[in-house]
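[1] With the sequence up front, the predicted model follows.
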Amino acid sequence: MMASSSGNSSGSTQLQNSGSEEDLQHVMDQRKRKRMLSNRESARRSRMRKQKHLDDLMAQVAQLRKENNEILSSINITNQRYLTVEADNSILRAQAMELSHRYQSLNDILNYMNTSNGVFETEDLHVTVDPFMNPMNYLYLNQPIIASVDMFPY
């Protein structure tokens, strides 16, 4: 009977061991499932962070492109204004040179008239001319100043 009793006790130990192993296996399976769920959740949060970062970067790219286009537009407008001012300046320089030449010519005429006292001498003929009545003097007064942007390279 002892033998059977010891057989029974070893059988119950095996059952207990078997139960312990099953319990241990069950606990390990639960831990594994819990770890898998935790890892999945962590991976999901990581993907969400990456997506948010990507969205932020895309928004930043769009903003920078917009600013870049605004700057390029401003540069184009400024260049156009510069070219217009440069063309106007070329015309004004030409007009200033023309006026300077006219002024110099008028000064030369006045100097000549002041030094000759309004008398034009030829070999045998002395003629006194009123400088304001001389039609040649009026040619300078009625000439327009003509200048074109195309005349001057810039």
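    Looks like it came in fine. Numbering: from 1, shown residues only.
[2] Only C-alpha atoms from now on, for both contacts and neighbour counts.
    Fine.
[3] And the strands in the chain?
    Secondary structure of the chain by DSSP state E: the strands cover 119-121, 126-128.
[4] what mean pLDDT would you report for stretch 33-53?
    Stretch 33-53 comes out with an average pLDDT of 96.
[5] Stretch 94-113 now?
    Here the average pLDDT along stretch 94-113 is 91.
[6] Would you indicate which residues of it are buried?
    Neighbour counts over stretch 94-113 (16 or more other C-alpha atoms under 10 Å) mark 94, 95, 98, 113 as buried.
[7] One more: stretch 23-41?
    Under the neighbour-count criterion of 16+ other C-alpha under 10 Å, stretch 23-41 has nothing buried.
[8] Output the buried residues of stretch 94-113 in JSON lines; the columns should cover distance to residue 54.
    Rendered in JSON lines, the data for the buried residues of stretch 94-113 read as follows (distance: C-alpha to C-alpha, whole Å):
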{"residue": "94", "distance to residue 54": "59"}
{"residue": "95", "distance to residue 54": "61"}
{"residue": "98", "distance to residue 54": "65"}
{"residue": "113", "distance to residue 54": "87"}
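[9] helices and strands around the longest helix belonging to the chain, which ones?
    The helix that spans the most residues within the chain, counting by DSSP state H, is helix 2-116. Using 3 or more C-alpha pairs under 8 Å, 6 or more residues apart in numbering; DSSP states H and E, no helix or strand is in contact with helix 2-116.
[10] let's see 10 Å
    Applying 3 or more C-alpha pairs under 10 Å, 6 or more residues apart in numbering; DSSP states H and E, one finds that helix 2-116 contacts strand 119-121, helix 135-141.
[11] how close does residue 116 sit to residue 81?
    The gap separating residue 116 from residue 81 is 52 Å, by C-alpha to C-alpha, to the nearest Å.
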